[in-house]
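J.: dropping a prediction and its sequence here:
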Amino acid sequence: MDQKLAVLRDAFGPEGCVRAACERHDVGSGSIYTWRRQAMSGELAGVRKPIEPVFAEVQISEQPALPAPTLAARSGSVIGIELPSGIRVSVDATVDADALSRVIGILTR
């Protein structure tokens, strides 16, 4: 552990340089960054800090009105639907309208 901390001081100290520390101590930069992460979390010293929850503020607003999807009838009772986003959905005439409505609602989010 002391050797890893010495490498970290060499790499991230006031005059530190990761590349130079890698060459001086013959270690890879991936190891140095892993040790730094472990040192910052306390894991390198054998102490694990509990992870504290982080919350982000969320604002819910009205969903913007989208233009109606374009319907184009195709042969063989297939309906082609092109959404404003460019997504295309093809269904046959027996599609369940409620299910189709849910799918389109999800695709237009």
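T.: It's in. Numbers count the residues shown, from 1 in each chain.
J.: in the protein, which ranges drop under the pLDDT threshold?
T.: Within the chain, the stretches with pLDDT under 70 are 46-51, 66, 68-76.
J.: and the residue nearest to the spatial centre of the chain, how close does it get to Leu44?
T.: Closest to where the C-alpha atoms of the chain average out (Cα atoms, centre = their mean) is Ala56, at 15.1 Å. Separation of Ala56 from Leu44 (Cβ to Cβ, to the nearest Å): 29 Å. All C-beta spots, glycine's among them, are computed from the backbone N, C-alpha and C.
J.: if you count neighbours, what's buried in stretch 1-18?
T.: Buried residues in stretch 1-18, counted by 16 or more other Cβ atoms under 10 Å: 4, 7-8, 10-11, 18.
J.: pull the residues that contact the longest helix anywhere in the chain.
T.: The residue-count maximum for a helix in the chain (DSSP state H) belongs to helix 29-41. With contact meaning Cβ atoms under 8 Å, 6 or more residues apart in numbering, helix 29-41 is reached by 4-5, 7-8, 11-12, 18-19, 21-22, 44-45, 48-49.
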